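1. only geometry, no sequence info:
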């Protein structure tokens, strides 16, 4: 049964002891204490009572730390999420206990963060926070009546890209990635750093197959199938969407893979020895070299460089280019999605970026062919 006791401080202590529960809460008013006692007793009898003691003890910062140590490392993209959690643990709302969290805490953070970074970054911050709280409610049984992040409006993100590589960019990138040894000037000074073949191999395979960077770097020799009599393919294990995928190799991709196989380290399990960060750094270096080579070429030819060449170019844009080209070779969307690894056609559509001239050519090709036949007669 519940009891209400007036304390020496003039407040009212409500107590409930029943069915293994021993609960107490202090109120300024006797009426509020009585209402709490009655509501708590009713929820215990009906089986709907949830103990929020843990939510009152643990802060959001402590929860983020626990998630960072025990959950994030085992997830795909765990390293990136760990870095994000370390950043979030430094925010002011981390000192607040879970039971005291309100949507306003995250609304204020959202508005402040939007002044510093892109909407996509802010949205990702809120998504990580929401995922941690949901995990605590479901897996760690920390009772909260609701996730306060669900009541926070997320920023609108318009970050779909349609950037593809031009023939000019592909040409000069290949020149910049071409393997070379260390070189020195005639007077013995260092001139050029060595460039191995791996970056060019990765570039060629990416532009021919549309594989993601993580898929390329995770490729194992045991999953490379180079047939001597038929067509060749590779199996990608545990892709971004959690499924294995078989990717057919074009003749150009097959040639690259055979070259890599001839020069492989027999002790190596993976096709590429580069880490994601190493590929990123080598790509940035190659991009700068390509820009320089292109500028020098334009200067020698007395031509004006095109400002759009190499502007806002990213490694992932190679995948856009590959899928756009493959779409002209594999017109069936389902077959194309099997190659690209997209689960939905809406996501595949983001990566298929034909120009208006290409589409006009396809529309008019039948009429032009008929016209040629007529003129031939």
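-> Sure thing, it's come through. This is a predicted model, so every value here is computed, not measured.
2. what about residue 259, neighbour count?
-> Neighbour count of residue 259, defined by other Cβ atoms under 10 Å: 14. Just so you know, the C-beta spots here come from the backbone N, C-alpha and C atoms, and that holds for glycine as well.
3. pull the distance from the helix or strand residue 126 falls within to the chain's centre.
-> Element membership of residue 126 [criterion: DSSP states H and E] is helix 119-138. Centre-to-centre, helix 119-138 and its host chain are 14 Å apart (Cα atoms, centre = their mean, to the nearest Å).
4. mean confidence score for it?
-> Across helix 119-138, pLDDT averages out at 94.
5. moving C-terminal of that helix, what's the next helix or strand?
-> Beyond helix 119-138 in the direction of the C-terminus, DSSP H and E gives the next helix or strand as helix 167-177.
6. buried residues, that following helix. List them.
-> 168, 169, 170, 172, 173, 176, 177 (16 or more other Cβ atoms under 10 Å).
7. what is the orientation angle of the lengthiest helix in the chain with helix 167-177?
-> Ranked by residue count and defined by DSSP state H, the top helix of the chain is helix 276-300. With axes from the mean of the first three to the mean of the last three Cα atoms, to 10 degrees defining the directions, helix 276-300 sits at 110 degrees from helix 167-177.
8. chain center to helix 276-300: distance?
-> Relative to the centre of its chain, helix 276-300 is centred 25 Å away, using Cα atoms, centre = their mean.
9. I'd like to know which elements it is packed against.
-> On a contact count with 3 or more Cβ pairs under 8 Å, 6 or more residues apart in numbering; DSSP states H and E, helix 276-300 meets helix 167-177, helix 198-209, helix 213-217.
10. now residue 149: how far from residue 127?
-> Residue 149 sits 8 Å away from residue 127, going by Cβ to Cβ, to the nearest Å.
11. what number of residues lie near the residue nearest to residue 103 when sequence neighbours are not counted?
-> Distance criterion Cβ to Cβ, 6 or more residues apart in numbering; nearest residue to residue 103, sequence neighbours excluded, is residue 151 at 4.3 Å. Residues lying near residue 151 (other Cβ under 10 Å) number 12.
12. count of neighbours near the residue lying closest to residue 342 once chain neighbours are set aside?
-> Closest residue in space to residue 342, ignoring its immediate chain neighbours: residue 348 at 4.1 Å, by Cβ to Cβ, 6+ apart. Residue 348: 18 surrounding residues under other Cβ under 10 Å.
13. my guess is residue 348 meets residue 341, correct?
-> No: with contact defined as Cβ atoms under 8 Å, residue 348 does not reach residue 341; the gap is 9.4 Å.
14. confirm residue 348 sits in a helix?
-> Yes: under DSSP: H, G, I helix; E, B strand; the rest coil, residue 348 falls within a helix.
15. before we move on, the earlier item: which of the buried residues of helix 167-177 lies closest to residue 207?
-> Ranked by distance to residue 207 (Cβ to Cβ), these are led by residue 170 at 7.1 Å.
16. can you name the residues that contact that closest one?
-> Contact analysis of residue 170 by Cβ atoms under 8 Å, 6 or more residues apart in numbering lists 207, 321.
17. ok, the residue nearest to residue 103 to residue 237 distance?
-> Using Cβ to Cβ, we find residue 151 at a distance of 40 Å from residue 237.
18. now do residue 38
-> 59 Å.
19. check residue 130 too.
-> Distance from residue 130 to residue 237, by Cβ to Cβ: 30 Å.
20. who has more neighbours, those two?
-> Taking other Cβ under 10 Å, residue 130 and residue 237 do not tie; residue 130 has more neighbours (17 against 14).
21. check the burial of the nearest residue to the more buried one once chain neighbours are set aside by counting its neighbours.
-> Distances taken as Cβ to Cβ, 6+ apart place residue 149 nearest to residue 130, at 3.8 Å, with adjacent residues excluded. Residue 149 is flanked by 21 other residues according to other Cβ under 10 Å.
22. also the one 4 residues further on?
-> Per other Cβ under 10 Å, the neighbour tally for residue 153 reads 9.
23. quick one: contacts for it?
-> residue 107.
24. next one, pLDDT for it please.
-> pLDDT recorded at residue 153 is 95.
25. shaky segments in the stretch 51-200 of the chain?
-> 159, 182-185, 187-193 (pLDDT under 70).
26. for the residue lying closest to residue 314 once chain neighbours are set aside, what are its contacts?
-> Computed as Cβ to Cβ, 6+ apart, the closest residue to residue 314 that is not its neighbour in sequence is residue 163, at 7.4 Å. Applying Cβ under 8 Å, 6+ apart to residue 163 gives the contacts 312, 313, 314, 317, 320, 353.
27. now, which of those residues lie within helices?
-> Those of these lying in helices (DSSP H): 317, 320.
28. surely residue 269 meets residue 219?
-> No: Residue 269 is beyond contact range of residue 219, at 10.1 Å (criterion: Cβ under 8 Å).
29. which of these two has more neighbours?
-> Each of residue 269 and residue 219 has its neighbours counted (other Cβ under 10 Å); residue 219 has more, 23 against 8.
30. how is the protein carved up into domains?
-> As assigned by automatic domain parsing, the chain contains the domains 2-49, 56-151, 167-351.
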